[in-house]
Structures are given as structure tokens and as C-alpha cells.
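Enquirer: Quick one: sequence plus predicted model below, questions after.
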Amino acid sequence: MPEENISAIATPPGKGGVAIIRLSGGSPLSIAEKMFVPAGTVAVKDFEPYRLYPGRIDGGTFTDYGLCVYFKAPASYTGEDVVELSCHGGIYLTQQILDAVLHAGAVPAQPGEFTKRAFCNGKLSLTQAEAVMDVIAASGSRELQFANAMREGAMVRRVHAVQEQLVTVLSGLAAWADYPEEDLPEVAPEALQTSLQQIQQDLKQLLQTRDYGRILKSGVLTVIAGKPNVGKSTLFNLLSGCERSIVTEIAGTTRDVVEECVRLGEVTLRLSDTAGLRETEDRIEQIGVRIAKEKLEQADLILAVFDSRQPLTEEDWALLEQVKSRPVIVILNKSDAGTAQITPEQLPDFPYCITMSAKAGSGLSELEAAVKGLFDRGDVTPELGILANARQTACAETALQMVTDALQALQGGELLDAVTVLLDEAAQALMTLTGERVTEAVVEEVFRHFCVGK
């Protein structure tokens, strides 16, 4: 039975030069035929694929002029017949046309349903389908490069390389176990262990990309830390481009966490301005300090801010000791306001130590360069493929755990049947990662996060 025809507005709502209403299914041309009147002599049912036809869109109670294009299955985005109507942009008009399309026999598309059909029809793997939304959400060139590489199959190729190693091992184990009468050579434990150790190493290397993938997608969780009145809120406002944090000369002004997502060069920072770190009797400020310390523990990046006009105190040295093993940029602030009592040379253990004035806006380029140095990893390239979300990470972790358990079973003298069962579980986890073996519940969860119309 042909798939029912689904339809949705594929362009963002609002005023614009052009809007697109997309249809996909078993017979979208039959629906277009009911409301699109071609300007030429070719009837809608005879439209050539991949060619734009001008005409009138007749919704009964309204008329618009636009274009119609037909994408013939399977050479379409969804793998089904697809029709797109281009009309004048505008919230009211595009909704009226969509309503007319639905009245003509289509049903509303659910979030991600076009891409879901592409996946179900073999046009995309599950990781490629997930990359579609990453392309849409990309906020910079590096994010877009990685998302496009994922969409073009970088992750699938990387996972398949590991799967091939597993299949080779499993084939050898199965042949030896299933055909003992053929006098096949017994599986050598040493060779099997070497193979499994290589697979284990490849999976570990894959899992090392998860943090980078999370940072690319969600941004660097960044905490501005330091004592009261060192200029944390001024720095926060400078990076935010507006006055999000209250700035006064009164120590302890910031008591809650103020958050903002900002772009610094090619890196997105999920920025948190926290309460000044100090001992206080103020109960409300105590809560702010506690939250600040918790944020500090969770941070991907710490901007440790100090007043360069004041010598380092015991509290300052304690903060530096706490963060020195973490990704940290030391900022010697207020360089425009007096003689420096702290210089980068005094802090040789901190390779990223810069002098700036958040109030005057100086030193911003040095801060951008430091952030790039920490997070623009040249060894992780788009074509290698990276884990882009929690679902993919969980599958890779399961595969690694099964291979590790198989190695331990082998080294512990367990029967090869037990090793085979564990390796089969690892292979199944990798197939779930790419979507070659996946439940309907997983598919629904993936596409639930998509926008309508894609």
C-alpha cells in the first residue's frame, strides 16, 4: 500500500519573499493537481521531474502565483515522490495553502517525518539523519563542517571499519564451532586477543571524540570565577554584548548565576557569571558561592579572573591550585586602571594567561586566541567522524564494554562460546548506532527532536 501523503511548511514562519510547502508520499502529484494550475500547456500529472513549472495556486477562497516542482522516487530526499509548492512568503498565506493541501487529501507531517521516511527508505543512515538537524543548528563554520561530514557518512564509515573487524573475528569463531568435521584450525587465543585489543583500542579512540562532539553541538560550558569585584560581571557583559549582569563597586553584587550563550571566534561559549568566591556571613550570598563552586566543578572551561592591580592573596593561590589541572584561562583584569601587581611571568604553570581590561574592551583578541588554542583541536577532523549525541555515545560505550568483557573472558579461560556471545552483543550495539538494527522506540525518539517540515 502506498505511503500516505504528508505535508508541511518547510520554511520558517514569518514574512519573506518565498515560502515552500512540501508534500511526500505515494501520490503527491494528485494533490497538487487539485490546486495548481500550470501557466503552460503541460498538465500537472505530466510534469517532468526536477523541473520548475510556474502557475497559479488556487485554494478556492484565495489565489497566489508560484512554482511547482516534482521529485520522482527514488531520486528524492525521502525516497518517495515529492512535490514542493513555492509561494509568496507570509504567515497567513502559507498556512492557507497548507490547509488547502490538507483538505485535498494530505495529512500533517510530524516533526522530522520527511527525514524519518528518508531513513526508512534507505536514503540515510540513522547517524546521517541525526546530522541533518546538526546542519540546521550549526552556529559556525567548524560545526557545519562536522555536521556535513556526518551527513555524508563519516561516522558510518568509521563504525563500519570496526564492525568489519568484529565480523572477521566472529566468522572465524563460528566456522570453527559449527564445522568441527572440516578439520579447521583451532582459534588461537593469542591471535584472538590481539584482534580484540585492536577493536578495543579503536572503540576507545571513538569514545574520545564524545566530549568534542558535545562541545561542538552544545557549546563550551564556561564559568567565570574569581573573588568579588575583580570584574567578572564586566567581562560577562563584554562577551555577551549587552548588560546582562549588574556591575557595581559593591562586593557580592552577583549572587545568582547569570547565563548566556555567546560566540567567540569559532567557538560557542555557554557562559555563566557566578558569585564571587569568598567567605561571607550573608546567607543568600553563601548560596551563590556554593552554586558557583558547583558550576566550577562542571565546567569545560574556567575563566579565572584576577584584579591585576592587587597582589595575589592566599585565596587567589587556592583558586589557581584548584583549577590548574583543568582547561583554564587566567585573566589579569583591570590593566587600564593602575600599576600591575600581577604579570603572566609570575604564573608559568598557566600557558593561557592574558592581560586585559574588560571595562575598556582590550585583550579580547588574546582571549579569543586562547579559547581557540584550547578547543580548536586540529587532530579531530570532520572526515574522521565523531560521536555527536548521547544515543551514539551509549551505543559505543556498550560495544566497548562487551569487547572488554570478551577480552576478560578469554584471558580468564572461559569457553569461546561465551566470548562469541559478548562479541555478538558488541556488533549489535554498533548496528544500533548506525541504525542498521534499531527499535521503533529509538527511531521515534530521534525524530521527535526534529523541526516540522524536515
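Expert: Received it, and whenever you're ready, just let me know what you need. Everything numeric in this text was worked out from a predicted model, so none of it was measured.
Enquirer: just the helices in the stretch 1-150 of the chain please.
Expert: 28-33, 91-103, 113-120, 126-137, 141-151 (DSSP state H, counting those that start in this stretch).
Enquirer: what's in contact with the first one?
Expert: Going back to what we said before, that points to helix 28-33. Residues outside helix 28-33 that contact it (Cβ atoms under 8 Å, 6 or more residues apart in numbering): 5, 7, 23, 43-45, 47, 68, 70, 81-83, 85, 101, 104-106. C-beta: built from backbone N, CA, C; applies to glycine.
Enquirer: what do you get if the cut-off is 7 Å, keeping everything else the same?
Expert: 5, 23, 44-45, 47, 68, 70, 81-83, 85, 101, 104-106 (Cβ atoms under 7 Å, 6 or more residues apart in numbering).
Enquirer: Buried ones only from those residues, please, as a PyMOL command.
Expert: Those of the contacts of helix 28-33 that count as buried under 16 or more other Cβ atoms under 10 Å are selected in PyMOL with:
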select buried, resi 5+23+44+47+68+70+81+82+83+85+101+104+105+106
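Enquirer: sorry, back to before: now that we have the helices of the stretch 1-150 of the chain, can you turn them into TSV and tack on distance to Val169?
Expert: Listed next are these as TSV, based on distance: least, Cβ to Cβ, whole Å:
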stretch	distance to Val169
helix 28-33	47
helix 91-103	53
helix 113-120	29
helix 126-137	23
helix 141-151	27
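Enquirer: Would you tell me which of the ones you listed gets closest to Gly373?
Expert: Proximity of the helices of the stretch 1-150 of the chain to Gly373 was assessed by Cβ to Cβ; the nearest stretch is helix 141-151, lying at 14.2 Å.
Enquirer: The closest one versus helix 126-137: what angle between them?
Expert: Inter-element angle recorded for helix 141-151 and helix 126-137: 150 degrees (by axes from the mean of the first three to the mean of the last three Cα atoms, to 10 degrees).
Enquirer: Check which helices and strands the helix or strand just after helix 141-151 is in contact with.
Expert: The first helix or strand that comes after helix 141-151 along the chain, using DSSP states H and E, is helix 154-178. For helix 154-178, the packing partners by 3 or more Cβ pairs under 7 Å, 6 or more residues apart in numbering; DSSP states H and E come out as helix 126-137, helix 189-207, helix 416-434.
Enquirer: what helix or strand does Ala441 sit in?
Expert: Applying DSSP H and E, one finds Ala441 within helix 440-448.
Enquirer: what does that helix rub up against?
Expert: So helix 440-448 is contacted by 111-113, 115-116, 126, 129-130, 391 (Cβ under 7 Å, 6+ apart).
Enquirer: Ala161: which of the residues you listed is nearest?
Expert: After measuring the contacts of helix 440-448 against Ala161 - Cβ to Cβ - the closest member comes out as Leu126, at 17.4 Å.
Enquirer: Counting neighbours, what do you get for the nearest residue to the closest one once chain neighbours are set aside?
Expert: Once flanking residues are discounted, Leu126 sits nearest to Gly435: 2.6 Å by Cβ to Cβ, 6 or more residues apart in numbering. Counted with other Cβ atoms under 10 Å, the neighbours of Gly435 add up to 21.
Enquirer: Out of the helices and strands in this protein, which is least certain?
Expert: Ranked by mean pLDDT, DSSP states H and E, the weakest helix or strand in the chain is helix 283-298, scoring a mean of 60.
Enquirer: Okay, Thr420 and His160: tell me how far apart.
Expert: 21 Å (Cβ to Cβ, to the nearest Å).
Enquirer: More neighbours: these two, which one.
Expert: Per other Cβ under 10 Å, whichever of Thr420 and His160 has more neighbours is Thr420, with 19 against 16.
Enquirer: which ones are touching the more buried one?
Expert: Neighbouring residues of Thr420 by Cβ under 7 Å, 6+ apart: 170, 173.
Enquirer: Could I get the contacts of helix 440-448 in CSV, plus columns for pLDDT, distance to Arg309 and neighbour count?
Expert: Listed next are those as CSV, based on pLDDT from 0 to 100; distance: Cβ to Cβ, whole Å; neighbours: other Cβ atoms under 10 Å:
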residue, pLDDT, distance to Arg309, neighbour count
Pro111, 92, 54, 16
Gly112, 91, 55, 25
Glu113, 94, 60, 21
Thr115, 94, 56, 23
Lys116, 93, 59, 23
Leu126, 89, 56, 23
Ala129, 89, 55, 23
Glu130, 87, 50, 26
Arg391, 91, 50, 18
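Enquirer: Looking at those, which two lie furthest apart in space?
Expert: Largest pairwise distance in these, by Cβ to Cβ, is 18.8 Å, between Glu113 and Arg391.
Enquirer: circling back: closest to Pro38 out of the helices and strands packed on helix 154-178?
Expert: Among those, helix 126-137 comes nearest to Pro38, with 31.6 Å by Cβ to Cβ.
Enquirer: packing partners for that closest one?
Expert: helix 113-120, helix 141-151, helix 154-178, helix 416-434, helix 440-448.
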